[in-house]
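Enquirer: Pasted the sequence and its predicted model underneath.
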Amino acid sequence: MSLFAIADTHLSFGTNKPMDTFAGWQNYTEKLKNNWNKTVSDKDTVVIAGDISWAMNFDELKPDFSFIEGLNGQKLIIKGNHDYWWNTVSKMNRFIDECGYKTIKILHNNSAECCGIAVCGSRGWIFDSDEEHDEKMLNREVMRLKMSLDSAGDRDKIVFLHYPPLTSVGKCAEILNLLNDYGIKKCFYGHLHGEAAKFAADGIHGGISFKLISCDRLGFTPYLIIK
C-alpha cells in the first residue's frame, strides 16, 4: 500500500468548461487516466487536494465522480476554491452512497489513516488580502485544519491543503504556526498553475517540507508520498 497525492484535476464531464483550452492541458483527462492507472494500484490511496470538478451541483458532478471512481485506488478528497458543488458532509456522503461509489471519501474536519500515518487537511485560504470576508474565511479554515489535526490524536501526521500556506512572496502565519504547533514535517498543496507555479515555495522552509502538487505541475501523474 502506498500514498499518493495530486490536486486541481478540474474535471468537467458534466459541464462545458474543458481545461483543454489552456496551454499544456490538451487531452489532460486521457493523460490523467493513463498516468494514474500506470502509477497507482488498487491497494493504494490518492489524496486529491481540491479543485476536483467544475460542477455546480451533484447532477453535474456525477460524471466526474464516476471518472474518479473508475481510477485505481482509494481517494480522499479535499475542497478547493472552485468546488462549488461541495455541500454538507452528510449530503455528500449520501450522494456517494446513493451513486454506489466505493473508493471516494471526504476529508473535511476529520482525518484518515493510511500507511501508518494520519492524513489531515483543509482548503486553506488566501492570506494576502485585507478584506474582512477573507479574514473570516481564513480563520474558519485554520479552525477546520485544527479540527482535522486534533482528530488524528498523537499519530504522525501529513497535511494537505488546497491553497498554498507559503509562496516565494508571502506566507500565511496562522496556518504555518498551526503546522509548527503540531510538529508537521510535510505539507502538500495545489492551486498554483502555469505561470503562477513560479511562486511555489517547494522545499524545506522552517523545518517543514512543502511541495506543489497541482495536476499540470505533476505532468498529470499522482505524486508518490509514502511507498
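Expert: Here it is on my side, so go on.

Enquirer: Can you name the residues bridging to residue 214?
Expert: Taking DSSP bridges as the rule, residue 214 bridges to residue 7.

Enquirer: Run me through the strand neighbours of the lowest-mean-pLDDT helix or strand in the chain, direction for each.
Expert: Every helix and strand in the chain was compared by mean pLDDT, DSSP states H and E; the lowest is strand 170-171, with a mean of 92. Strand 170-171 has its sheet partners listed here by DSSP bridges as strand 166-167 (antiparallel).

Enquirer: Please compute how far the helix ranked longest in the chain lies from its chain's middle.
Expert: Looking across the chain with DSSP state H, the single longest helix is helix 132-151. The gap between where helix 132-151 is centred and where its chain is centred comes out at 16 Å by CA atoms, centre = their mean, to the nearest Å.

Enquirer: Need the contact partners of it.
Expert: Residues from elsewhere that reach helix 132-151 (CB atoms under 8 Å, 6 or more residues apart in numbering): 107-111, 120-127, 129, 157, 159, 161, 163, 172, 174-175, 178, 182, 184. The way it works is simple: take the backbone N, C-alpha and C, and place the C-beta from them, glycine included.

Enquirer: again, only this time at 10 Å
Expert: 78-79, 81, 107-112, 118-129, 131, 157, 159-163, 165, 172, 174-175, 177-179, 181-184 (CB atoms under 10 Å, 6 or more residues apart in numbering).

Enquirer: where do the helices sit along the protein?
Expert: 28-39, 58-69, 89-99, 132-151, 173-181.

Enquirer: From residue 6, how far out is the spatially most central residue of the chain?
Expert: Nearest to the geometric centre of the chain sits residue 49, at 0.4 Å (CA atoms, centre = their mean). Distance of residue 49 to residue 6, computed by CB to CB, to the nearest Å: 7 Å.

Enquirer: hey, what's in contact with both of those two?
Expert: Joint contacts of residue 49 and residue 6 (CB under 10 Å, 6+ apart) are 188, 190, 213-214.

Enquirer: about what we covered before: deepest in the core, which of the helices of the chain is it.
Expert: helix 58-69 (a mean of 19; mean count of other CB atoms under 10 Å).

Enquirer: relative to helix 89-99, how tilted is it?
Expert: Angle, helix 58-69 to helix 89-99, by axes from the mean of the first three to the mean of the last three CA atoms, to 10 degrees: 70 degrees.

Enquirer: Go ahead and name everything in contact with helix 58-69.
Expert: Outside helix 58-69, the residues within contact range by CB under 10 Å, 6+ apart are 9-15, 17, 29, 32-33, 36, 46, 48, 52-55, 75, 77, 83-87, 91-92, 94-96, 98-104.

Enquirer: Burial check on residue 187, number of neighbours?
Expert: 24 (other CB atoms under 10 Å).

Enquirer: ok, the nearest residue to it once chain neighbours are set aside - contacts?
Expert: Using CB to CB, 6 or more residues apart in numbering and skipping residues adjacent in sequence, the residue nearest residue 187 is residue 159, 4.6 Å away. Going by CB under 10 Å, 6+ apart, residue 159 touches 49, 111, 118-122, 124, 145, 148-149, 152, 165, 175, 178-179, 182, 184-189, 208, 210.

Enquirer: mind checking pLDDT for the nearest residue to residue 14 once chain neighbours are set aside?
Expert: Nearest non-adjacent residue to residue 14, counting by CB to CB, 6+ apart: residue 60, 3.8 Å away. For residue 60, the model assigns a pLDDT of 98.
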